[in-house]
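**Q** Sequence and predicted model, in that order:
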Amino acid sequence: MNSDNKMSLFGLIKSDIRAKAEWLYGSVSTRNILKALFTDGTFAMVMYRFMQASQRIGLVPFAMIFNKLNAFFGRCIIGRGAQFGPAFVLIHSYGVVINSSVKGGSNIKLEHAVTIGAEKDKSPALGDNVFVGAGAKIIGGMKIGSNVKIGANAVVIIDVPDGSTAVGIPAKIVKEG
């Protein structure tokens with residue numbers, strides 16, 4: 001989990017945009033990458049990576065500026081300490097809120113209005129290859145495994161094992177890996 005420190009800033013941005021092109025258009029061609037660059041959420045992804053890099057190297061004022069640009073133009077809030085590995089995709093950024101202490105692996109895909117937040121100072125940890133549907137809430141110190149799908153509008157307050165699908169309010173496991 002969280003292999004982002006092995007890649008450069010631009011390597012991470014490239015992996016994010018390539019993953020978005022693949023998700024949206026089914027392949028990573030030059031045309032699809034260009035289309036992905038101009039879709040909703042891409043600005044927020046790039047601002048997040050600049051914020052993350054600034055925070056990591058101690059340029060906190062710049063991290064704060066990128067955070068505010070993301071909130072205003074990207075219409076999402078991602079805490080300055082949040083960490084995601086390569087291929088982090090905001091399919092739509094509007095209304096996304098992520099706590100500063102959230103940790104996630106690679107290949108995380110989030111729809112709009114997703115909240116990943118803390119409860120009593122405990123935040124979720126997400127594995128690799130996680131999809132979170134529109135409006136879903138993941139709250140508290142639970143572990144979301146790898147190869148997991150969280151359904152739209154689900155409220156997840158339990159651990160979700162590898163390879164599982166969780167849906168509902170409160171979320172229940174409907175498919176186990």
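**A** Sure, I can see it.
**Q** Please enumerate the helices of the protein.
**A** For the chain, helices defined by DSSP state H occupy the ranges 9-25, 30-37, 42-56, 60-69.
**Q** Burial-wise, tell me which of those helices comes out on top.
**A** Highest mean neighbour count among the helices of the chain (mean count of other C-beta atoms under 10 Å): helix 42-56, with a mean of 22. Heads up, the C-betas are built off the backbone N, CA and C, glycines and all.
**Q** Let me see the mean pLDDT of it.
**A** Regarding helix 42-56, the rounded mean pLDDT is 97.
**Q** Residues in contact with that helix: which ones?
**A** Residues outside helix 42-56 that contact it (C-beta atoms under 8 Å, 6 or more residues apart in numbering) are 4-5, 9, 12-13, 16-17, 20, 36, 60, 62-63, 66-67, 69-70, 73-76, 78, 80-84, 88-90, 93, 96.
**Q** re earlier: need the helices of the chain in TSV (columns: distance to residue 121).
**A** TSV is the format used below for the helices of the chain (distance: least, C-beta to C-beta, whole Å):
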stretch	distance to residue 121
helix 9-25	28
helix 30-37	36
helix 42-56	19
helix 60-69	20
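**Q** Select, out of the ones you listed, the one closest to residue 157.
**A** Across the helices of the chain, residue 157 has its closest neighbour in helix 42-56 (25.2 Å, C-beta to C-beta).
**Q** so that closest one versus helix 30-37, what angle?
**A** 80 degrees (axes from the mean of the first three to the mean of the last three C-alpha atoms, to 10 degrees).
**Q** roughly how far is helix 42-56 from the heart of the chain?
**A** 12 Å (C-alpha atoms, centre = their mean, to the nearest Å).
**Q** list the contacts for residue 73?
**A** By C-beta under 8 Å, 6+ apart, the residues touching residue 73 are 43-44, 47.
**Q** want to throw those into CSV with distance to residue 137?
**A** Rendered in CSV, the data for the contacts of residue 73 read as follows (distance: C-beta to C-beta, whole Å):
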residue, distance to residue 137
43, 24
44, 19
47, 23
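**Q** picking up where we left off before, any idea which of the helices of the chain gets closest to residue 175?
**A** Evaluated over the helices of the chain, closeness to residue 175 peaks at helix 9-25, with 20.6 Å, by C-beta to C-beta.
**Q** contacts for that closest one?
**A** Residues from elsewhere that reach helix 9-25 (C-beta under 8 Å, 6+ apart): 4, 7, 27-29, 32-33, 35-37, 39, 41-42, 45-46, 49-50, 52-53, 86-89, 91, 107, 109.
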